[in-house]
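J.: Give the three-dimensional model of this entry:
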Amino acid sequence: MKFVFATIATLNYVLLLLITYVIHALYFRVDVVFYAAIQDAIIAAIVALSVTLLIPFLRRQLSSFEHTLLFTIWLLGGYAFAISGPAVLDRSLSVYIVEKLVQRGGGIRLDRIEEVFTQEYLVEHRLLDVRLTEQAESGTIEIVDGCVFVTDRGRRVASISRFLRTNFLPKKRLLMGEYSDDLTDPFRNSIATVDYTCSPVTSE
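T.: Sure thing, here's the model as predicted:
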């Protein structure tokens, strides 16, 4: 009986999540797609839990601990939905490549793929606008007087990501027919001197 109730309650949560996401996406402002989907998952989980707790018959079906476990499962499921659904559609270059191949009749010359990315993908998906907005909303960067500056939080994130990238990404990763460790240190062959940097903001 508990399994049946938990299954029905979970299906109710899934329905609430989809309804909440659609309403949010269609009728409300969204700053960052991934964060908005996470917010929708939390709202749906709270509503679904409230329904089971406010109705005595439903509340008696599970213990408090079991309700807590179910709520946790819903949150994890909502996170999986956010990162595997809306976030993939919004961010995935892999999905874009497939869509672009279809748009261009099914095939694109391999030696022109980089041109597609730099001249079409960046513009069509407003990639820089999206990523800068996400990072500004996350507090890892700030945009001041036409310059993009990293914040203290951004430095911490970069430090952690560099450590994980260097030490835990595959050392022999298949890239266009060859196994390489290039992505464990993508700045390895970066240009040493550039003319686009800004001086750090100093407080007076």
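J.: Give me the below-cutoff pLDDT ranges for the chain.
T.: The chain contains residues with pLDDT under 70 at 201-204.
J.: Now do the strands in the chain.
T.: Using DSSP state E, the strands of the chain run over 141-144, 147-150, 173-175, 178-180.
J.: Run a quick check on Trp74 versus Val47, I expect a contact.
T.: No. In this structure, Trp74 is not within contact of Val47 by CB atoms under 8 Å, at 10.3 Å. Any C-beta I mention is one placed from the backbone N, CA and C, and that applies to glycine too.
J.: Including distance to Thr133 and mean neighbour count, could the strands of the chain go into CSV?
T.: Below are the strands of the chain laid out as CSV (distance: least, CB to CB, whole Å; neighbours: other CB atoms under 10 Å):
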stretch, distance to Thr133, mean neighbour count
strand 141-144, 10, 14
strand 147-150, 12, 14
strand 173-175, 30, 11
strand 178-180, 32, 11
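J.: Redo these as TSV? Include distance to Lys2.
T.: Output for the strands of the chain, formatted as TSV (distance: least, CB to CB, whole Å):
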stretch	distance to Lys2
strand 141-144	48
strand 147-150	50
strand 173-175	45
strand 178-180	49
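J.: ok so, going back, more neighbours: which of Trp74 and Val47?
T.: Of the pair Trp74 and Val47, Trp74 is the one with more neighbours under other CB atoms under 10 Å, namely 24 against 15.
J.: so what's the more buried one up against?
T.: Thr10, Tyr13, Ala41, Ala44, Ala45, Ala48, Leu49 (CB atoms under 8 Å, 6 or more residues apart in numbering).
J.: Buried ones from those residues, can you make that a PyMOL selection?
T.: This is the PyMOL syntax for the buried subset of these, where burial follows 16 or more other CB atoms under 10 Å:
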select buried, resi 13+41+44+45+48+49
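J.: ok, the contacts of Trp74 vs Asp182, which is closest?
T.: Ala41 (35.5 Å; CB to CB).
J.: who wins for proximity to Lys100 among the strands of the chain?
T.: strand 173-175 (20.0 Å).
J.: residues near Pro86, how many?
T.: There are 19 residues near Pro86, going by other CB under 10 Å.
J.: Just give the nearest non-adjacent residue to it, would you?
T.: Nearest residue to Pro86 in three dimensions, chain neighbours excluded: Ala37, at 4.5 Å (CB to CB, 6 or more residues apart in numbering).
J.: show me what contacts that neighbour?
T.: Tyr21, Gly78, Phe81, Ala82, Gly85, Pro86, Ala87.
J.: How about Gly154?
T.: Contacts of Gly154 by CB under 8 Å, 6+ apart are Gln135, Gly139, Thr140, Ile141.
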